[in-house]
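A.B. asks: Next come a sequence and a model predicted from it.
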Amino acid sequence: MIKDNKRLVIDRLPKHFNEGLFWGNGHIGGILYVNGNTLLFSVDNVRLWETRDTTEDLPAAQFKDFIKNPEMFHNGTYTKQTNLQEPRIWRTHLPGLSLNIALEDEIIDFYGDIDLNEGSSDIQVTLISGKKVNCHVYVDSNVNVLKVQLDTTESKVEIMGWDTSNGRLPELAQWNYPKYREEKTELVTHVVQPFSERGLAVISLIELPKQIYITLNVNSLSEEEDINSPFSSQTKLELVKRNTELLNNYVQMEAIFKAAHDASWNEFWNRVDITIPNERLQHAFYVEMYKIFANERKDSWPVTLQGVWNNDTRMPAWYGDWHNDLNVQACYWPAYKTNNIELADAYIDYYTKSIPRLSERAYKLFGIKDAIHCPVMMGPEGYGVGGEWCFWNVLLGPELFVATDFCWYYEYSRDLIKLQTSIYPFVEKVLNLYQGIAYQGEDGYYHIPFTNSPEVFKGPMLIMDDATVVIATLHYLLEHMQHYAQLLGKNGEHFAEFNKKLAPLTTTKKGYPLFPDEDVFESHRHFCQLYPVFPLGIDAHSKTAELSLHAAIDLGFMEYAAWSFPYLSIFASRCGKGNMARTALEIYCMAFRARNTFAVNGDPNQNGILKISDTNAGETSDAFTLEAGFMVVAALSEMFVHRSKDTVYVAYGIPDEWNSCSCRDMTIEGGHKISVVIEKYTIKNVTVHATCDETIQFSFAKIAGVLTLCGERLPVQEKYLVTLTKGETIVFGVCHE
């Protein structure tokens, strides 16, 4: 049983990477695991990337060729396949570096926790001699420092770069990285690790009696510097100086830094909360919120698959990249929904800065200027990983997932500056791509060729015209851009015209199909045929939405992924099925998490939920991703409140068994903050703090009594139209006759 929902306890030896305690600040992260007598810390920095690619930067064919000869696309003639053995062709996130603390004897027992409120841990290990060693660990929330406090001086402390003789790092050996070097300046020890063609990482250590301070920073050699002399470069000198000054300042003013660290976490936790009578899900909410703040910061980079927690002894799974589909999106849904919109700034800003490369990709692949195409698997600055022009990176569609998040940012923030500088320019270029490839059919409508509904296969991946996810998203983007054009004083008539002529969204007897002539026919994990329901929110609580949900469930769970279950929970809430919403989240929490709650894919622990597999989607069992856990937070918020078009639905995802529960300051589109209190199975009150002027409807589930608004009784009806005024707070209540 979980005794304290604001603590994550690890009470057995974490012998593997994804079993240990973890800390982060959006820039660096640390994970602790154990081997023999040694406490092993993997210390990661978001800027550790191998980015070279010496192949010709041209696709094997253009999109027009794919359409004319689809069989040549499917057999690989028109795509550049990834050659994993080629030592000079690669883009991937790199492993973390290492801090090792060797104790005097073998460690035979372990007990530690993460105080989620403070982002810090108390740990006790038992040595084979019977001696107990205590330590306190945290990564500072505001500066790149990992602090370890030990109650013993009988230890050997060492920082290390990559061990290229490690059999799990064959790529690093192939790339002939120079071996790291150790240097010392006064009290500070530095390890300098060159990487990529011009990358340089410096991990630095101050070791005082019972006190250890670590920092890790990364930079690139300037064009004027000799890449063959990284250890004598000016960049190295600057990194060493920066690390030295930071650590010395930290030691001298630790109390001030620690107070700021505590204040940072306190401010984060005060923004939002939920309270539910389900211990497993309550704990999951707090753990995943902790992970979100450990990874997402306004001034960092967007969250990759493993975020700030990459292993120090293996290459990151799936290149550790940005997967431009639900994998990236799902990491930011909870930031929007939990009153933490600024945590998405790094995502919006980074993709905006990547526009030049994304536009270059669109021109090379489609022959269309002033457009954007995103690779499915993306590395820094908008370049593809796993092969710039491999099969996955020439597919149409990833830019629509990103553009949806860009629109979400404005809908939740109403930030006109971001709208003008980032959102409008990005989405406009995405729409330019689709307007450029659309063709007019015999029915008079424009259609989009060669689309896919991610990872649905009939032999090869199924590619047809007008995938539901594509058509629905284009209509969503075009409607929003008409409004955005008005707000910015621009002419948006071309958006309205394209929207009018674009093929309509198709429905069938099974709800939303994959494509107009292809209903969902197999168990699969992406559910993108349900995209109109979420995240677009253009449909909810309708017969079509319910039929679509049933069609996905009827085909079984066998091909689902970890994140399929929290995603399924969101759809259940948007169909008013609270019991299903709860159950889907419980399945995820029980079956798809490692000991330390990191999300695993497939069914490596043999829970019998999916098709039996000994591996984790082709990866070893220490592979993990973050988005599934983050989705738990989004799904729980959806259970309490969600919005579809102009209607706000309250308590439609609350299961029958929850007698009492509440949420505080959950956010919906418009930026409005909603608090809900349920007691004795019925809504007691709903508080709405308006952040813009708007007239919207409210619909309430679980009403047992007479609804009131600001004390005035309301007539019994399905929906209530309310005019909100910016800065105003209104309260719905329930009274009994």
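C.D. replies: Great, that's in hand. Keep in mind it's a predicted model, so treat the numbers as computed, not measured.
A.B. asks: show me where pLDDT drops low in the stretch 551-700 of the chain?
C.D. replies: Within the stretch 551-700 of the chain, the ranges that satisfy pLDDT under 70 run 613-620.
A.B. asks: What ranges does it have for its helices?
C.D. replies: 564-573, 578-591, 627-640 (DSSP state H, counting those that start in this stretch).
A.B. asks: of all these, which lies closest to Ala704?
C.D. replies: helix 578-591 (15.3 Å; C-beta to C-beta). (Glycine included, C-beta is placed from N, CA and C.)
A.B. asks: For the nearest residue to His373 once chain neighbours are set aside, give me the pLDDT.
C.D. replies: Distance criterion C-beta to C-beta, 6 or more residues apart in numbering; nearest residue to His373, sequence neighbours excluded, is Ala362 at 4.1 Å. pLDDT recorded at Ala362 is 98.
A.B. asks: So Ala362, which state does it fall into?
C.D. replies: For Ala362, the assignment made with DSSP: H, G, I helix; E, B strand; the rest coil gives helix.
A.B. asks: what are the bridge partners for Val677, then?
C.D. replies: Beta bridges link Val677 to Ser662, Asn685, judged by DSSP bridges.
A.B. asks: tell me the contacts of it?
C.D. replies: Shown in contact with Val677 (C-beta atoms under 8 Å, 6 or more residues apart in numbering): Ser662, Ile683, Lys684, Asn685, Val686.
A.B. asks: For those, which entry has the maximal number of neighbours?
C.D. replies: The residue in the contacts of Val677 with the most neighbours, by other C-beta atoms under 10 Å, is Val686 (25 neighbours).
A.B. asks: if we can go back for a sec, got the contacts of Val677 as a markdown table, with distance to Leu305 columns?
C.D. replies: Formatted as a markdown table, the contacts of Val677 follow (distance: C-beta to C-beta, whole Å):
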| residue | distance to Leu305 |
| --- | --- |
| Ser662 | 33 |
| Ile683 | 39 |
| Lys684 | 41 |
| Asn685 | 41 |
| Val686 | 37 |
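A.B. asks: thinking again about what came up before, can you redo the helices of the stretch 551-700 of the chain as CSV, where the extra columns are mean neighbour count?
C.D. replies: Listed next are the helices of the stretch 551-700 of the chain as CSV, based on neighbours: other C-beta atoms under 10 Å:
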stretch, mean neighbour count
helix 564-573, 28
helix 578-591, 21
helix 627-640, 28
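A.B. asks: Rebuild the ones you listed as TSV, extending it with distance to Ala701.
C.D. replies: As requested, those are exported to TSV (distance: least, C-beta to C-beta, whole Å):
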stretch	distance to Ala701
helix 564-573	10
helix 578-591	8
helix 627-640	10
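A.B. asks: closest one to Glu224 among the ones you listed?
C.D. replies: Proximity to Glu224 (C-beta to C-beta) singles out helix 627-640 among the helices of the stretch 551-700 of the chain, at 40.3 Å.
A.B. asks: So what angle separates the directions of the closest one and helix 564-573?
C.D. replies: Comparing the axes of helix 627-640 and helix 564-573 via axes from the mean of the first three to the mean of the last three C-alpha atoms, to 10 degrees yields an angle of 10 degrees.
A.B. asks: to the chain's geometric centre, what's the distance from helix 627-640?
C.D. replies: Chain-centre distance of helix 627-640: 12 Å, with C-alpha atoms, centre = their mean, to the nearest Å.
A.B. asks: Restrict it to CA atoms and write it as CSV.
C.D. replies: Output of helix 627-640 as CSV, limited to C-alpha atoms (Å, rounded to 0.1, in the frame of the first residue of the first chain):
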residue,chain,number,x,y,z
GLU,A,627,4.4,10.2,-22.8
ALA,A,628,2.2,7.4,-21.5
GLY,A,629,2.7,8.5,-17.9
PHE,A,630,2.2,12.2,-18.7
MET,A,631,-1.1,11.2,-20.4
VAL,A,632,-2.4,9.9,-17.1
VAL,A,633,-2.4,13.5,-15.9
ALA,A,634,-4.3,14.6,-19.0
ALA,A,635,-6.7,11.7,-18.7
LEU,A,636,-7.5,12.4,-15.0
SER,A,637,-8.2,16.1,-15.8
GLU,A,638,-10.5,15.0,-18.6
MET,A,639,-12.5,12.9,-16.1
PHE,A,640,-13.3,16.1,-14.2
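A.B. asks: just the strands in the stretch 201-350 of the chain please.
C.D. replies: 211-220, 273-275, 322-323 (DSSP state E, counting those that start in this stretch).
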